[in-house]
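Engineer: Below is the sequence, then the predicted model.
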Amino acid sequence: MARALYSLVFYGLMPFVLLRLLWRARLAPAYRQRWAERFGYVEKRVPQKQGQALSPAIWVHAVSVGETLAALPMMRELLQRYPDYQLIVTTTTPTGSERVQVALAKELGSGRVLHCYAPYDLPCAVAPFLKRMAPQLSIIMETELWPNTIAACHKRSIPVVVANARLSARSARGYGRLSALMQPMLQQLSLVAAQHEDDAERFQALGDVKIQVTGNIKFDLTLDQALKDQAVAIRKRWQHDGERLVCLAASTHQGEDEQLLDAFELARKQRPNLLLVLVPRHPERFDSVARLVAARGFQLQRHSQGGDVAAVTQVLVADTMGELMSLLGASDLCFMGGTLVENGGHNFIEPAAWGLPQLCGPSLFNFSEVSRLLIDASALIVVNNVAELSQQLIGLCADKEQRDTMGQAGLGVATENRGALERLLVAVDERLLAE
């Protein structure tokens, strides 16, 4: 009854959902495209070679860029472990789609990886998707819990694993108000592979769920030589006319760039050689952030223009996709976005893997455990306002020893917590073989 009511409400909201797609398409035209996929009408899987049987498949769902990047090492391992399987990868945003297509271009071309948008969580959308794709296993990244999708998989005996699962206290309270909907859904999951004991306890408080703490697979990222070479090349472009310190503000949101520019303006009075690199979280904000920087009177340059960064440039807007890791490798310190506004933060592990000292605001609910580890190791400093941020920027710019100490502490946290990916894959193996 609860799921039927949920579906009825969802159907009623669909006109507004579609209007929101059109609204977002003003700045990101890709939101106008491929709507049929969002209603489950995807191309039916066919045998990779004529005359062969249809290959078995694993469906991996990652919402957007962050979840996609976290899932990439897992997806590559799945392709190696199961050479006879295809991988169906779904996202909900064009940026997530773009990252899949760039990162797995070779596998997409070979037919081993198929990509499309995830169907809306409506019976009329999920059913045709599952009929056309016919996966043997579904892996959902982090917290994408959709009642109709999970029920449809359960009905078809498709095991569902929630990988790298996290559940903040705020989300748990919200789900707790929907217990009639949540409890049956949780019982239908084959496994929740949780990042941390706190996440596991919150899931268990919501209902009867099979759960295992496997750790955070984001710690298992690797910095290959090609990535390191890209970072060196970028740093040379930034430093071509002499040494300057670079503060990269990663994954910033609306309302946050203004505060960062305020703090940067104060810091530059004492550290005039400081370069601020702003990396907006969403590509549709690239132009508006550039306009904001110019309107504030800063000397602006855009990363997409290429070439060396001029000596007079004060703020560089990183307006390209897929380069955050190499940009981090070219920087001296990092401010993690989504924390000076109520967004809960983003991936602190990436700058830690580069050995960067980190600053952030107080909103950390999406990365509470990772941020706690880094704070306890003195690798991350939390600031509450513009004045504190500018003071910390000035202090870190003046103290190379502190930057190095913080960076090494963060690298230590990143290194010590690896191994979650292998534990997750073992759990996936057991579910796939058992079913």
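Structural biologist: Received the coordinates, thanks.
Engineer: Quick check: residue 2 vs residue 254, distance?
Structural biologist: Per C-beta to C-beta, to the nearest Å, residue 2 is found 35 Å from residue 254. Every residue, glycine included, has its C-beta placed from N, CA and C.
Engineer: cool, residue 81 as well?
Structural biologist: Residue 81 sits at a distance of 41 Å from residue 254 (criterion: C-beta to C-beta).
Engineer: now residue 384
Structural biologist: In terms of C-beta to C-beta, residue 384 sits 19 Å off from residue 254.
Engineer: Centroid-nearest residue for the protein?
Structural biologist: In the chain, the centroid-proximal residue (C-alpha atoms, centre = their mean) is residue 66; its distance is 0.9 Å.
Engineer: For this structure, just list every one of the strands.
Structural biologist: Taking DSSP state E, the strands of the chain run over residues 57-61, 86-91, 113-117, 137-141, 160-165, 191-194, 211-213, 245-252, 274-280, 300-302, 315-317, 333-336, 358-360, 380-382.
Engineer: The third one pairs with which strands?
Structural biologist: Using DSSP bridges, the strands paired with strand 113-117 are strand 86-91 (parallel).
Engineer: Can you check the pLDDT for residue 211?
Structural biologist: Reported pLDDT at residue 211 in the predicted model: 94.
Engineer: Please read the previous query as pertaining to residue 183.
Structural biologist: 92.
Engineer: Likewise for residue 50?
Structural biologist: For residue 50, the predicted pLDDT is 68.
Engineer: for residue 63, same thing?
Structural biologist: Looking at residue 63, the pLDDT reads 83.
Engineer: same check, this time on residue 242
Structural biologist: Here, the pLDDT recorded for residue 242 equals 68.
Engineer: change the start of the numbering to 12 and stick with it
Structural biologist: Yep, numbering from 12; the last one is residue 253 now.
Engineer: Can you convert the strands of the chain into a markdown table and add a column each for distance to residue 358 and mean neighbour count?
Structural biologist: Formatted as a markdown table, the strands of the chain follow (distance: least, C-beta to C-beta, whole Å; neighbours: other C-beta atoms under 10 Å):
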| stretch | distance to residue 358 | mean neighbour count |
| --- | --- | --- |
| strand 68-72 | 18 | 23 |
| strand 97-102 | 17 | 24 |
| strand 124-128 | 22 | 20 |
| strand 148-152 | 13 | 25 |
| strand 171-176 | 12 | 27 |
| strand 202-205 | 18 | 25 |
| strand 222-224 | 20 | 17 |
| strand 256-263 | 8 | 24 |
| strand 285-291 | 12 | 24 |
| strand 311-313 | 24 | 19 |
| strand 326-328 | 20 | 25 |
| strand 344-347 | 8 | 26 |
| strand 369-371 | 11 | 24 |
| strand 391-393 | 13 | 21 |
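Engineer: Redo these as JSON lines? Include distance to residue 300.
Structural biologist: Shown next, in JSON lines, are the strands of the chain (distance: least, C-beta to C-beta, whole Å):
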{"stretch": "strand 68-72", "distance to residue 300": "30"}
{"stretch": "strand 97-102", "distance to residue 300": "23"}
{"stretch": "strand 124-128", "distance to residue 300": "27"}
{"stretch": "strand 148-152", "distance to residue 300": "27"}
{"stretch": "strand 171-176", "distance to residue 300": "29"}
{"stretch": "strand 202-205", "distance to residue 300": "35"}
{"stretch": "strand 222-224", "distance to residue 300": "38"}
{"stretch": "strand 256-263", "distance to residue 300": "8"}
{"stretch": "strand 285-291", "distance to residue 300": "5"}
{"stretch": "strand 311-313", "distance to residue 300": "10"}
{"stretch": "strand 326-328", "distance to residue 300": "6"}
{"stretch": "strand 344-347", "distance to residue 300": "14"}
{"stretch": "strand 369-371", "distance to residue 300": "19"}
{"stretch": "strand 391-393", "distance to residue 300": "24"}
